[in-house]
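Trainee: pasting the structure only:
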């Protein structure tokens, strides 16, 4: 989102989140610290989203796998991404 806001039409490189999770051993991280980091990042992102001028919501980036993605689309994906992670956490907790 920041790339797109900073440079309309910017190229966005895809990455494999599973590779990141493995290399940085997310499974071994303290859940409380991870939650605190998540909250801080989301609060920062929400403040940014609230400050985006109306004219910039149509700014876009060209994702290497998904193609053209506007700021509006990225914000929608953020919301769905959060819901996906909440569902993952609920599944994990039910197994314990």
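Mentor: Yep, that arrived. Worth saying up front: this structure is predicted, and the values here are computed from it rather than measured. Numbering: from 1, shown residues only.
Trainee: could you give the number of residues near residue 83?
Mentor: Applying other C-beta atoms under 10 Å, we find 10 residues neighbouring residue 83. From N, CA and C alone the C-beta is placed, and that goes for glycine too.
Trainee: equivalent analysis for residue 73, please.
Mentor: Residue 73: 17 surrounding residues under other C-beta under 10 Å.
Trainee: that one and residue 35: what is the separation?
Mentor: Look at residue 73 and residue 35: by C-beta to C-beta, to the nearest Å, they are 27 Å apart.
Trainee: with residue 9 instead?
Mentor: According to C-beta to C-beta, residue 9 stands 35 Å off from residue 35.
Trainee: ok, now residue 1?
Mentor: 22 Å.
Trainee: of those two, who's got more company?
Mentor: Higher neighbour count among residue 1 and residue 35: residue 1, with 19 against 11, using other C-beta under 10 Å.
Trainee: hmm, who's touching the longest helix along the chain?
Mentor: Longest helix of the chain, by residue count under DSSP state H: helix 71-95. Helix 71-95 has contacts (C-beta atoms under 8 Å, 6 or more residues apart in numbering) with 1, 4-5, 42, 45, 49, 52, 56-61, 69.
Trainee: tell me which residues of the strand or helix carrying residue 22 are tucked away?
Mentor: In this assignment (DSSP states H and E), residue 22 forms part of helix 17-23. When burial is assessed from 16 or more other C-beta atoms under 10 Å, helix 17-23 yields no buried residues.
Trainee: likewise stretch 79-93?
Mentor: So, applying 16+ other C-beta under 10 Å, stretch 79-93 has no buried residues.
Trainee: please compute how far that stretch lies from its chain's middle.
Mentor: 13 Å (C-alpha atoms, centre = their mean, to the nearest Å).
Trainee: stretch 24-31 now?
Mentor: The answer for stretch 24-31 is 18 Å, by C-alpha atoms, centre = their mean.
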